[in-house]
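*Asks:* What would the 3D arrangement of this be:
(chains A, B, C and D)
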Number of protein chains: 2
Amino acid sequence: MIVRPLETVGANAERSRSHNRQVVLSRVRAAGQIGRAEIARSSGLSTQAVSNIIADLLSEDLIVECGRRAGVRGLPAVQYTLNPEGAHALGVEIRPDALFAAVLNLGGETLFSRRVALADTHPDHVTDAVLSLRDIALAENPDAHLLGAGMVMPGPFGATGIRESGSELSAWDDVEPARLFSDALNLPVVVENDANAAAMAERVNGAARGLDTYAFLYFGTGLGLGVVNEGRLVAGTHGNAGEIGHIPVPSDGAIVPLESAVSRLSVQRALGNTGVNVESGEDLAQLYAEEYPALSQWLDRTAEPLSAAVAIIENLFDPQAIILGGAMPDSLLDHMIAGVSLPDRSVATRPDRERPRLLRGASGRMTATLGAAALVINQAFTPMIAAR
Amino acid sequence: MIVRPLETVGANAERSRSHNRQVVLSRVRAAGQIGRAEIARSSGLSTQAVSNIIADLLSEDLIVECGRRAGVRGLPAVQYTLNPEGAHALGVEIRPDALFAAVLNLGGETLFSRRVALADTHPDHVTDAVLSLRDIALAENPDAHLLGAGMVMPGPFGATGIRESGSELSAWDDVEPARLFSDALNLPVVVENDANAAAMAERVNGAARGLDTYAFLYFGTGLGLGVVNEGRLVAGTHGNAGEIGHIPVPSDGAIVPLESAVSRLSVQRALGNTGVNVESGEDLAQLYAEEYPALSQWLDRTAEPLSAAVAIIENLFDPQAIILGGAMPDSLLDHMIAGVSLPDRSVATRPDRERPRLLRGASGRMTATLGAAALVINQAFTPMIAAR
DNA sequence: CTTGATAACTCAAGCATGTTGAGTTAATCG
DNA sequence: CGATTAACTCAACATGCTTGAGTTATCAAG
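*Replies:* A predicted model of the protein is given here:
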C-alpha cells in the first residue's frame, strides 16, 4: 500500500474502473455541481458508464444528489456534488521537536489538528506517537473514514550535499518512511516534503482552488517551493525538487542564497541583531503592526531577491499563479507580495490574465500538516492509471 | 487528431489496450531486449495479456523476436526488441526564414533531413511548404509509416510580455497550429517550442537515453530550457515554461538576463565588437580551435552566469542530469560545461550518483527539428490514459 | 393545450479486453 | 535421468464499457 512506485502500470477492467471513478470525482469537484450526461461528454465515457460509477459513489456517500438543472429543454439533469464528509485524510508532519497531525474531509475542511512534543526522533518512537495521535483523532471524529495518510518530513530526502548536521533526522537514512507508516497505520501513505504538501493544501482548499499549474513559495525553517504542474507535483528525481532556498539571487549588490534574505531564519537574525527575539508568528505580526524599523528594513530588503525568485519561477514554470505562504504572518506576506516588482518581460505577462500573478496562501504553523492530509485528498481526485 | 487536450480522459477497453500497448513498448525500449513474462511482472499485467499485445506488435512490425534467453532454469524466454524501422515520425521546425524537416524512425535514427528557405511566413504558405517537404520525405522513404508529426515553432506562444516585434510570426496569433497542421497533414500533430522538442530528441536518441527526469539547456537564438519530469514535458500553463533566457543571473558584478551572457547572440555580439562576424557554427568552432582571444574571454565570462543557472535548475527540478546542446559547436559546449562550478551544496550532490551532472547533448541547427520528430516517437512509448 | 423536439436517463444485450487456472514445453539442477 | 523451474498457450470466465432501443420530463411552437 505504498504510493510512489512511479512505474506506469498496465490497465485492466478493475484499474480502469478505479481510474474512471477518479475522473468522475474530479469532474464533480471541478464543477461544483454537475449532471451525469455532462460528465460523460467531458470525460469521453458513455452516460451509462458514468451512471454506474455515480451509483457507486452515491452508495459510498462520496457524492450527494443536489436537485435538477432547469431552464433547458429535455429531461432535467440530476445534479451531484461532493459530500465533504464522505471521506477523510490524516495528515502528519514530523519535525525534529514535535509532531503535528490533522484530519481533513473531502472538502478540505479541517476537522482536527493537534501538536505533541517529540522527545525522541527515533523511527520507533515517532511511529508510536503517530499511532496515538491517529487514535485521538479518530476518537474525536468517530465517523471519519480515512482514505490514507500524508506524511511531511524534513527534506531533502536521502544523502545530498545540503546536509546540515543536527538539522535532520539522521536515524532515518536507512528507513523507507512510506513503508514504515503504511504498515503501522495500515493505510496508504504518501510522503512529501513540507513545501510540496503545503502546495497541495492550497489546491484542496485555498488560494489554488481551481488551479492546476502553480507554484507555492513556502516559508518553513528555510524556504521551499512546491510546484504543481497539471495537477501533479513536480518532485524531481529524489523528491527534492523545489529547493529554492539555495538558489543564488541578488541582494544589495551581492549574490546570496535566496533563503538567507527571504526566510523566517533571516528575519529572526535581522531582528536578533537589534536585540529583539521573535519566537512566534504573533511576535512578528505584532512588530509589523508597530512598524518596528528593523522589520520594515528587512521587509524592504526582501523585495529585490524575492522579485528575482518570482521572475525565475515564472519563466521556468509558466504557472497560473505563484502563492506565498507558510510560517509567516499574513500581514508580512502581503507586504512582501506588494513589494515584488513583476517584470513586464515575462511569460506571465499576458493580456488575458484574470488572476493576480502573486497570491497569499494559507499561513501558520499547521500549513504543511494540512498539506500532508491534502495530498491524500488530492489523490482521490487524481486519475491514477499511468502515473503515480 | 489534435494532441494537447490535456483533460484526463476515462478508460474503456479500447483505450486500455492502447495504453497497455504503450506500456509494453516502453518496457521493450527500456530493456533493449526482454521477454513476455518479465514485461508482465513489471507492468502488473498477466502474461496472457502481454502475449496478446506482443502478438499485435509483432504483426505490426513494431517489434521483432531476437532469440531466447538462456542460462536460467525453465523454458527459455523468447526475447523481443524494437524494430527501429517499424514506425516513423515527421519533424518540422518553422523559423521566420526557413523550414526544416526530418524523419526519424522508432529507434531515433535520422532517415531524412532537409532545409528549405521560407519567403513568406503566412500560415497558408507555411502549410504548403510543409506539405511539399512531407511529400519529398515520403518520396525518398517510401516505406516510412508515419505515426504523426511534431512541429516546432518560435515561442513563446500566445501574447505575452516577451514579444519582440519582428522576431515572431505575428500572423499566427489567431491560428491554432496543431489543428491547422493536423488537418493539412492528416496526421496527429504535436506542437512544442524548440527547447522542449530538443529535450525530447535527447531522450529518444541522445544523452538522455534512459533518463526520465532531466533538463535540456538549449542554445537557439536565445536560450531555452526543456524540462522532462518523469518522462513528460513540463510545459506550464501556456506551453511557455522553460523561458530561462530571461532569468536574472550574476555576471561580473552585475545582474543580467541569462541569455545576454550565455547565448548564440551574446557570443556573436562579443565577437562583433572585435570586428569578427560569425555566421555559422563552423565559424565559431574554427575560432575556438584558433583560441581566438575574444572568444576565450566570452567563454570565461559564461562560467559565472551559467553556474548560477545550473544551480537554479538543479535546485528547482532535481534532475538526473542537465544537458547542454543546440546551436553551439560541441567544442564550445564542452568548454562551457568544464567551466561550470558545481556547488557542493545542492540536492544534486549525492554519493550514489553514477552519471555526470552536466552532459553535452546533440548540437547543430537540426537539433530542434529532430526533436520535433522525437516528440512523436516519445509519445509512442508514453502510456496515454490520464495525461495528454 | 396539444404536439413535437430535445435531452437525460435506464435497461439489457453485446463486446473488447484482461484474468485465471490447467496444461505443455524446454531448459537447469542435483 | 528425474525433479524442478519458468515461460508460454489454451479456453473458460469475469469485468466494465458501449450500444441502441425505449422511457421520462421539460421546453417551445402552433
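
*Asks:* Which helix in chain A has the most residues?
*Replies:* helix A:293-317 (DSSP state H).

*Asks:* next one: stretch A:254-265 to chain centre, how far?
*Replies:* Taking C-alpha atoms, centre = their mean, to the nearest Å, the mean C-alpha location of stretch A:254-265 is offset from the chain mean by 23 Å.

*Asks:* Buried residues in it, which are they?
*Replies:* Within stretch A:254-265, the residues that qualify as buried are A:Ile255, A:Val256, A:Pro257, A:Leu258, A:Glu259, A:Ser260, A:Ala261, A:Val262, A:Ser263, A:Arg264, A:Leu265, counting by 16 or more other C-beta atoms under 10 Å in any protein chain shown. Bear in mind the C-beta positions are built from the backbone N, C-alpha and C, glycine included.

*Asks:* distance between the ends of it?
*Replies:* Length of stretch A:254-265, first residue to last, C-alpha to C-alpha, to the nearest Å: 19 Å.

*Asks:* That one near chain B anywhere?
*Replies:* Yes. Contact of stretch A:254-265 with chain B (C-beta under 8 Å from any C-beta of the partner chain) involves A:Ile255.

*Asks:* and A:Ala178, backbone torsions?
*Replies:* Main-chain dihedrals, A:Ala178, degrees, to the nearest 10: phi -60, psi -50.

*Asks:* Revised request: answer the last question for A:Trp172.
*Replies:* Phi and psi for A:Trp172, reported as degrees, to the nearest 10, are phi -90, psi -10.

*Asks:* Local confidence estimate at the residue nearest to it when sequence neighbours are not counted?
*Replies:* Spatial nearest neighbour of A:Trp172, excluding adjacent residues (C-beta to C-beta, 6 or more residues apart in numbering or on different chains): A:Pro123 at 6.3 Å. Looking at A:Pro123, its pLDDT stands at 89.

*Asks:* A:Thr240 - that's part of a helix, no?
*Replies:* Rather than Thr, residue A:240 is Asn. No. Using DSSP: H, G, I helix; E, B strand; the rest coil, the assignment for A:Asn240 is coil, not a helix.

*Asks:* Help me confirm that it comes into contact with B:Phe317.
*Replies:* No. Proximity of A:Asn240 to B:Phe317 does not meet the contact threshold set by C-beta atoms under 8 Å, at 9.4 Å.

*Asks:* Look at those two and report which has more neighbours.
*Replies:* More neighbours surround B:Phe317 than the other of A:Asn240 and B:Phe317, with 30 against 23 (other C-beta atoms under 10 Å in any protein chain shown).

*Asks:* And that one, how far from B:Val234?
*Replies:* Distance from B:Phe317 to B:Val234, counting by C-beta to C-beta, to the nearest Å: 8 Å.

*Asks:* Need the nearest residue in space to A:Ser51, chain neighbours excluded.
*Replies:* A:Arg36 (5.5 Å).

*Asks:* Equivalent analysis for A:Ser260, please.
*Replies:* A:Ser266 (5.9 Å).

*Asks:* Burial check on the one you found, number of neighbours?
*Replies:* Neighbours of A:Ser266 using other C-beta under 10 Å come to 23.

*Asks:* Next one: it from B:Asp300, what distance?
*Replies:* 33 Å.

*Asks:* How about the backbone phi and psi for A:Arg36?
*Replies:* Dihedral pair for A:Arg36: phi -70, psi -40, per degrees, to the nearest 10.

*Asks:* On the pLDDT front, check A:Leu217 for me.
*Replies:* 97.

*Asks:* ugh, typo on my part, it should be A:Gly161
*Replies:* According to the predicted model, the pLDDT of A:Gly161 comes to 47.

*Asks:* and what of A:Pro5?
*Replies:* On pLDDT, A:Pro5 comes in at 38.

*Asks:* Count the residues that sit near A:Ala380.
*Replies:* Look at A:Ala380: counted by other C-beta under 10 Å, it has 21 neighbours.

*Asks:* repeat for A:Asn378
*Replies:* Neighbourhood size, A:Asn378 [other C-beta under 10 Å]: 25.

*Asks:* Please, which helix or strand holds it?
*Replies:* Per DSSP states H and E: A:Asn378 is located in helix A:367-380.

*Asks:* Would that helix count as contacting chain B?
*Replies:* No. Figure legend: helix A:367-380 not in contact with chain B (C-beta under 8 Å from any C-beta); closest approach 12.8 Å.

*Asks:* elements contacting that helix?
*Replies:* In terms of contacts (3 or more C-beta pairs under 8 Å, 6 or more residues apart in numbering or on different chains; DSSP states H and E), helix A:367-380 is packed against strand A:88-94, strand A:98-105, strand A:110-117, strand A:146-152, strand A:189-192, helix A:194-205, strand A:321-326.

*Asks:* May I see the ones you listed arranged in CSV, with mean neighbour count as well?
*Replies:* Output for the helices and strands packed on helix A:367-380, formatted as CSV (neighbours: other C-beta atoms under 10 Å in any protein chain shown):
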stretch, mean neighbour count
strand A:88-94, 28
strand A:98-105, 24
strand A:110-117, 15
strand A:146-152, 25
strand A:189-192, 28
helix A:194-205, 30
strand A:321-326, 27
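
*Asks:* Among those, single out whichever gets nearest to DNA strand D.
*Replies:* The minimum distance between DNA strand D and the helices and strands packed on helix A:367-380 falls on strand A:146-152, with 18.4 Å, by C-beta to the nearest atom of the strand.

*Asks:* So which elements touch the closest one?
*Replies:* Strand A:146-152 packs on strand A:88-94, helix A:177-185, strand A:189-192, helix A:194-205, helix A:367-380, going by 3+ C-beta pairs under 8 Å, 6+ apart.

*Asks:* got those as JSON lines, with distance to DNA strand C columns?
*Replies:* Compiled in JSON lines, those are given as follows (distance: least, C-beta to the nearest atom of the strand, whole Å):
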{"stretch": "strand A:88-94", "distance to DNA strand C": "28"}
{"stretch": "helix A:177-185", "distance to DNA strand C": "22"}
{"stretch": "strand A:189-192", "distance to DNA strand C": "24"}
{"stretch": "helix A:194-205", "distance to DNA strand C": "27"}
{"stretch": "helix A:367-380", "distance to DNA strand C": "22"}
